[in-house]
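Peer 1: Sharing a sequence plus its predicted fold:
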There are 2 protein chains.
Amino acid sequence: MTHVTDTVSASDLFARHRETLDAALEAIRERGYWSRYPELPGAYGEEAAETGKAVFDAHLGTRFAIDQPGTVDWVGGERSPYGIELGITYPRPDVDVLLAAMGDAIAAWRDAGVDARVGAALEILERLNQRSHEIALAVMHTTGQAFPMAFQAGGPHAQDRALEAIAYAYAEMTRHPQESMWEKPQGKRPPLRMGKRFSVAPRGIGLVIGCSTFPTWNSYPGLFASLVTGNPVVVKPSRHAVLPLAITVAVARDVLADAGLPPDVVTLAAESRVERLASVLAVRPEIRVVDYTGSTEFGNWLEDNARQAVVFTEKAGVNSVIVDSTDDYQGMLRNLAFTLSLYSGQMCTTTQNLVVPRGGIETDDGRKTFDEVATDLGAAIDGLLGDDARATAILGAIGQSGVLDRIEENETRGRLIRASAPLQHPEFPDAVVRTPLLVAIDDPAGEDAHLSEQFGPISFVVATEDTDDSLELLRRTVRDHGAITAGVYSTDDKVLAAAEEIALETGVAISFNLTGGVYVNQSAAFSDFHATGANPAANASFTDGAFVASRFRVVQSRWPLPDEAEPEPEV
Amino acid sequence: MTHVTDTVSASDLFARHRETLDAALEAIRERGYWSRYPELPGAYGEEAAETGKAVFDAHLGTRFAIDQPGTVDWVGGERSPYGIELGITYPRPDVDVLLAAMGDAIAAWRDAGVDARVGAALEILERLNQRSHEIALAVMHTTGQAFPMAFQAGGPHAQDRALEAIAYAYAEMTRHPQESMWEKPQGKRPPLRMGKRFSVAPRGIGLVIGCSTFPTWNSYPGLFASLVTGNPVVVKPSRHAVLPLAITVAVARDVLADAGLPPDVVTLAAESRVERLASVLAVRPEIRVVDYTGSTEFGNWLEDNARQAVVFTEKAGVNSVIVDSTDDYQGMLRNLAFTLSLYSGQMCTTTQNLVVPRGGIETDDGRKTFDEVATDLGAAIDGLLGDDARATAILGAIGQSGVLDRIEENETRGRLIRASAPLQHPEFPDAVVRTPLLVAIDDPAGEDAHLSEQFGPISFVVATEDTDDSLELLRRTVRDHGAITAGVYSTDDKVLAAAEEIALETGVAISFNLTGGVYVNQSAAFSDFHATGANPAANASFTDGAFVASRFRVVQSRWPLPDEAEPEPEV
């Protein structure tokens, strides 16, 4: 283990991390660039990579011991998309016993107070950060992300998002004083005077349901927001990506124990292959907050059925980029090629539909026909992925077999521009690697495949009458099918303004003319809001006031204060 | 009309009311005593009462003209609990036409921006404040509140709550800048630089469903919170209390028109006697926010069915006061007598259950048996209401016939301590006035009447084994049946602490040892949180961050900024 175990009070922890919190509080006010946790693996010291690998390897083929109540048996079955069996098993809980133990921890966690909870949460993050190499390997070998991305997105970027959520929650919990004095003038009579106390009360127990592609990044905001607002949290990972969250839970429990707080404030709920533990937990009366990332079907089920809880969901969507014109054709193609290739399109932010006028577009390289745009984009992907080692460092591997089926299904759903092909991974011979599929939809009509999410390395170049028609398609797509990202390439300010108006109306984040090192599928903590909560792709955003404010309630007590003698006049 | 019509830009209005906003922003941070709008009728000048009466009288027997789209016919039927017919009719809308017009107003209202919307809202409040006498009479003659209360709760106190909601919403919308610059270092390469814009986007159209007892106080927080966050609002009043909200809507539309903004941002939806317009409107796809005060049955229906909207409900509850011991027996009795008498208990904050140990209590006036406490409280009520003029100024009149039936039903639900009796109103011979009913429940068991809300002047003195048993009853009552207020009288700090722990656990505001001029059923804007959202009596609080944060979304756009030349070193 790489972290140093120590025993400290939670208020010591708050003092220790006060500077981090203050910087994060400033960052969420500014929403410019800020990051707490270095994103480059090299920043963690010379031995960190080696140690992380050793710790990760030591997990393989073992029981991942978490000493939590109610363990019935041990379940596992994760298989790396890179072709290795992980062979790790995790405690499967008796839900009654686990939730009872968590319920018993509520009062102590609540009464520890805001600062102690925030101090403990920041210490958890700090220790997770020290284990970023181990977590990166855990994310890589459960999700299929390539190592560089698994490190950044699974480690420091996820930790930054967690810190962002903590900062919002702290700001929300401390916007009022803990006590106040109310003194109402009564004319010539003495004023009415009341003492008042305002306490943060949690809703109950939180449930975080992890996804198979971003087990930490998508889970941390809800996990840490619920925790610091006083709700113990049970983490139910995707059965394909348990390890990153098991490490997270274990670290959290260590910190809690070290700080003299009940470890059962954070627990893991791993499930067997035949269980649907998320749906069992989600409707338990003890569960009062649910955070979920995954399919629209189950997200909607949660919203409809977990009525005793406040439910935050991120679901499927159809992300579009409108191509109207550009003054940097090559930059646009390179930027889009990278977006479509990164992690084989297995991101909720990846562009699915490239919307191009049938008549072609104006560029700095002359007018390009619709077919030229499509084939040039295919060629840009080919160029980006020309070298196998570089290609696999971008593409990663395919996590789920459903993605392979989906690639095959979509090959014939339009005119094939660029076929998806397997690639040999230089390091992992059994890795399942696929390059992006690009299909032209020449005559979009009705509910074509491009209007539902085709998760994976599958994109469509969709022909429209003109850019007005493209904008209308964007409006309809976001409104009816949801989206987390949108983009537009245009040299015409009117087109950009019209696209921004549609983004406002339908509620989707939009990027203009990305041709350099920022990609539409990237979202930076402390600056970019991830999802809006305003369209069918998500009912909440990472991270804003609405994401934290309803996770707790203010409970007030008040009492009369004795009349004050009239103060002596100052002389 | 008492207000001066003027034409100003909305940004002028923001500047005009900036000081008010800043003071309100400070007040919500401090949660001590603050009020913007004077609560004493005399503060409004010598002629205000007369003018207000004249304007109110002029409404009687007329059409209340609101020039809004889609009016189909004119509906009315309000009858004053003081015995006079109001004879006012209001426009009944074609919902399709009305919502379409409101939908057309969304973009202009959104694009006006935060400051313009807040400026307009503050001007609306200012003009409403100037019409407080007229509104007080409108509230009095629709709800049955006595004039002093109708003035305060219906006028300045409601306006203060509205201002509080505006301040929270303003703080929430301005916690991030409207634009930011993101500059990420790239080692030796030039930094990545992005411009970002963060826009407040409304959810859609808000629906405010008014109640019959506090048409303005309970509606204003939702109305103004939705408005300033960019959502046009349709106001559906209780059919028993249309006038106060019709005046409100008319004032709002005047201000909007004066400021060059679309008046259809605020509309009225009056209904005929056979309609259930609230349930029609609530499930319309255009409606994305609902604010409701009323029965648990319909509140739950809204939560279950208005799934396209975020729904804020205040429903029924059972408020309790635990009596354990006191060092001011007479003060306690006087305080409770006033609480039970004010507006004949027709408040969502009125105490229903006085929970007293079977064996009696210790007081500064010696030990009192259970029966003595009960009969002394009855006597205190008799004393308070001994003079008819004073009595009716406290009691007001009974608004709904259901209350009369309920009084009769409850007389036999326990041992009668104090019978409810009619009183002759000195000014209004046909006013329906009733004094409080007090019934002892000597052997509470199972689901007695005292465990469901008996709305009106109906209270129970409930016998328990001891104070531990009283505390347990409090816990069970709040958890299972909801409550907006709780109180405890005790000279024992351990009892106060145990009660506060239960308040935290079940999520109810609690008052200790009120014996003077503050009453458990009073809630002061800018200091007391009204309801918590943590128990079945309400899913939200007036007014906190959670009440405003999910009424809008932040929609972001971003674009690359050109590389900056390296800055010259400063010399």
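Peer 2: In hand now; what should we look at? Residues are numbered from 1 along each chain as shown, chains lettered A, B, ... in the order given.
Peer 1: Would you mind listing what in the stretch 451-571 of chain A touches chain B?
Peer 2: By Cβ under 8 Å from any Cβ of the partner chain, the residues of the stretch 451-571 of chain A that approach chain B are A:500-501, A:503-505, A:507-518, A:524, A:527-529, A:532-534, A:541, A:544-546, A:549-550, A:553-560. All C-beta spots, glycine's among them, are computed from the backbone N, C-alpha and C.
Peer 1: Which ones among these map onto strands?
Peer 2: Using DSSP state E, the members of those that fall within strands are A:509, A:510, A:511, A:512, A:553, A:554, A:555, A:556, A:557, A:558, A:559, A:560.
Peer 1: are any of the residues of the stretch 451-571 of chain A next to chain B buried, and which?
Peer 2: Neighbour-count burial (16 or more other Cβ atoms under 10 Å in any protein chain shown) applied to these gives A:500, A:503-505, A:507-516, A:518, A:524, A:527-529, A:532-534, A:541, A:544-546, A:549-550, A:553-560.
Peer 1: among the ones in strands among the residues of the stretch 451-571 of chain A next to chain B, which two are most distant?
Peer 2: The span of those, defined through Cβ to Cβ, is set by A:512 and A:560 at 59.3 Å.
Peer 1: and residue A:331, how many neighbours?
Peer 2: For residue A:331, the number of neighbouring residues by other Cβ atoms under 10 Å in any protein chain shown comes to 17.
Peer 1: same question, residue A:186
Peer 2: If you count neighbours by other Cβ under 10 Å, residue A:186 ends up with 10.
Peer 1: ok, now how distant is it from chain B?
Peer 2: The gap separating residue A:186 from chain B is 7 Å, by Cβ to the nearest Cβ, to the nearest Å.
Peer 1: near chain B, which residues of the stretch 151-300 of chain A?
Peer 2: A:171-172, A:175-177, A:180-184, A:186, A:192, A:194, A:196-199, A:201, A:203.
Peer 1: Please indicate which of the residues you listed are buried?
Peer 2: By neighbour count, with 16+ other Cβ under 10 Å, those hold A:171-172, A:175-176, A:180, A:182, A:184, A:192, A:194, A:196, A:198-199, A:201, A:203 as buried.
Peer 1: now, which of these lie within strands?
Peer 2: Among those, DSSP E puts A:180, A:182, A:184, A:192, A:194, A:196, A:198, A:199, A:201 in strands.
Peer 1: Pipe the residues you listed into JSON lines and attach pLDDT per row.
Peer 2: As requested, those are exported to JSON lines (pLDDT from 0 to 100):
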{"residue": "A:180", "pLDDT": "97"}
{"residue": "A:182", "pLDDT": "97"}
{"residue": "A:184", "pLDDT": "96"}
{"residue": "A:192", "pLDDT": "95"}
{"residue": "A:194", "pLDDT": "97"}
{"residue": "A:196", "pLDDT": "98"}
{"residue": "A:198", "pLDDT": "98"}
{"residue": "A:199", "pLDDT": "97"}
{"residue": "A:201", "pLDDT": "97"}
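Peer 1: out of these, who's nearest residue B:445?
Peer 2: Residue B:445 lies nearest to residue A:201 out of those, by Cβ to Cβ, at 30.2 Å.
Peer 1: where does the nearest residue to that closest one once chain neighbours are set aside land on pLDDT?
Peer 2: Spatial nearest neighbour of residue A:201, chain neighbours left out: residue A:555 (4.5 Å); criterion: Cβ to Cβ, 6 or more residues apart in numbering or on different chains. What the model reports as pLDDT for residue A:555 is 97.
Peer 1: Correct me if wrong: residue A:555 contacts residue B:533.
Peer 2: No: using Cβ atoms under 8 Å as the test, residue A:555 is too far from residue B:533 to be in contact (10.1 Å).
Peer 1: Please enumerate the shared neighbours of these two.
Peer 2: Common contact partners of residue A:555 and residue B:533 (Cβ atoms under 8 Å, 6 or more residues apart in numbering or on different chains): residue B:507.
Peer 1: quick one on the thing from earlier: would TSV of the ones in strands among the buried ones among the residues of the stretch 151-300 of chain A next to chain B with distance to residue B:344 be doable?
Peer 2: Formatted as TSV, these follow (distance: Cβ to Cβ, whole Å):
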residue	distance to residue B:344
A:180	32
A:182	27
A:184	25
A:192	24
A:194	26
A:196	28
A:198	31
A:199	33
A:201	32
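Peer 1: Mind checking what secondary structure residue A:322 has?
Peer 2: Classification of residue A:322 by DSSP: H, G, I helix; E, B strand; the rest coil places it in strand.
Peer 1: For stretch A:284-304, buried residues please.
Peer 2: Applying a neighbour-count criterion of 16+ other Cβ under 10 Å, one finds A:284, A:286-294, A:296, A:298-299, A:301-303 buried in stretch A:284-304.
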